[in-house]
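Novice: A structural model of the following input is requested.
(one chain, ligands or ions: 1)
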Amino acid sequence: GAPRDLEGRHVVVSAGGTREAIDPVRFIGNRSSGLQGYALARTAVARGATVTLVAANVALPDPAGARVVRVESALELREAVVGAAASADAVVMAAAVADFRPVSRAESKIKKTAAGPAPIELAENPDILAEISAARPRPGQVIVGFAAETDDVLANGQAKLARKGCDLLVVNQVGPGLAFGTPDNAATILVAGGDPVEVPRGPKDTLADAVWNLVAPRL
Ligand code: C5P
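Specialist: Okay, the predicted model is just below:
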């Protein structure tokens, strides 16, 4: 059985990918399935944690034993995560959060016109991971980010760990056949002030347990 090393702990996990509305029927989205975030929630429940799972547009059944909060946009995800983080011992941001959102959402479906397409003006979304890492709403809280990189994976990951200010950053390479929507994942977990941990290709539950193996002793 799983170690009960998260017993009595509250962990918050974000999963899936945000959708930023353009009009009532269209959005800017991404290819995140939510599988890795759900694996983190499931394994945390197995290790005894109280789990809040903030799920953005995930077509998966609720994991048994987790409190699931469903959201759509980055701003909704932020509200849910920041709210739950106030009482959390660990926050794991596995969700793919859109960096930008349309400045305004059209009231009705945008039509084709002879004038051609109008540009979609974008505004920057808040960086939730950086915000929570800076705020540290609870002392001793452990904050984990994910980074999907397509090139210079480790160099980009180290820079991101420092920039975001989180404790751990799970860096995985994405691209055709890698990570998104697949049952397997491979990653390097970067540790602030410590040595990186390599997790070879395997089920997403294995990567999830490797994350909790690093989080639990830091709590
Ligand atoms: O900068 P990048 O998007 O690659 O960072 C990925 C990490 O930051 C993920 O953990 C993601 O959940 C988080 N993130 C966030 N808010 C954003 C963008 C990303 O919390 N606006």
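Novice: how close does the residue lying farthest from the centre of the chain get to Gly193?
Specialist: For the chain, the residue at maximal distance from the C-alpha centroid (CA atoms, centre = their mean) is Ala114, at 40.9 Å. Distance, Ala114 to Gly193, by CB to CB, to the nearest Å: 60 Å. (Each C-beta comes from the backbone N, C-alpha and C, glycine too.)
Novice: can you tell me the element the residue farthest from the centre of the chain falls in?
Specialist: Taking DSSP states H and E as the definition, one finds Ala114 inside no helix or strand.
Novice: any idea how far it is from the ligand?
Specialist: Separation of Ala114 from the ligand (CB to the nearest ligand atom, to the nearest Å): 37 Å.
Novice: now Gly34
Specialist: Going from Gly34 to the ligand by CB to the nearest ligand atom gives 12 Å.
Novice: over to Arg78?
Specialist: 8 Å.
Novice: what residues are up against that residue?
Specialist: Arg78 sits next to Asn125, Pro126, Ile128, Glu131 when contact means CB atoms under 8 Å, 6 or more residues apart in numbering.
Novice: how about the helices in the protein?
Specialist: With DSSP state H as the criterion, the chain has helices at 35-46, 74-85, 128-135, 153-164, 204-215.
Novice: which residue ranges of the chain form strands?
Specialist: Ranges of strands in the chain, per DSSP state E, are 10-16, 20-21, 27-28, 50-56, 66-71, 90-93, 100-102, 122-124, 142-149, 168-173, 184-191, 197-203.
Novice: turn those into JSON lines, columns for distance to Ala84 and mean pLDDT.
Specialist: JSON lines is the format used below for those (distance: least, CB to CB, whole Å; pLDDT from 0 to 100):
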{"stretch": "strand 10-16", "distance to Ala84": "5", "mean pLDDT": "98"}
{"stretch": "strand 20-21", "distance to Ala84": "22", "mean pLDDT": "98"}
{"stretch": "strand 27-28", "distance to Ala84": "24", "mean pLDDT": "98"}
{"stretch": "strand 50-56", "distance to Ala84": "4", "mean pLDDT": "98"}
{"stretch": "strand 66-71", "distance to Ala84": "7", "mean pLDDT": "98"}
{"stretch": "strand 90-93", "distance to Ala84": "8", "mean pLDDT": "98"}
{"stretch": "strand 100-102", "distance to Ala84": "22", "mean pLDDT": "98"}
{"stretch": "strand 122-124", "distance to Ala84": "23", "mean pLDDT": "98"}
{"stretch": "strand 142-149", "distance to Ala84": "13", "mean pLDDT": "94"}
{"stretch": "strand 168-173", "distance to Ala84": "19", "mean pLDDT": "92"}
{"stretch": "strand 184-191", "distance to Ala84": "23", "mean pLDDT": "92"}
{"stretch": "strand 197-203", "distance to Ala84": "26", "mean pLDDT": "93"}
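Novice: can I get those strands in TSV with distance to the ligand and mean neighbour count?
Specialist: Output for the strands of the chain, formatted as TSV (distance: least, CB to the nearest ligand atom, whole Å; neighbours: other CB atoms under 10 Å):
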stretch	distance to the ligand	mean neighbour count
strand 10-16	6	29
strand 20-21	11	20
strand 27-28	13	18
strand 50-56	10	26
strand 66-71	13	18
strand 90-93	3	29
strand 100-102	9	18
strand 122-124	8	11
strand 142-149	4	23
strand 168-173	8	23
strand 184-191	12	20
strand 197-203	16	14
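Novice: cool, thanks, talk later.
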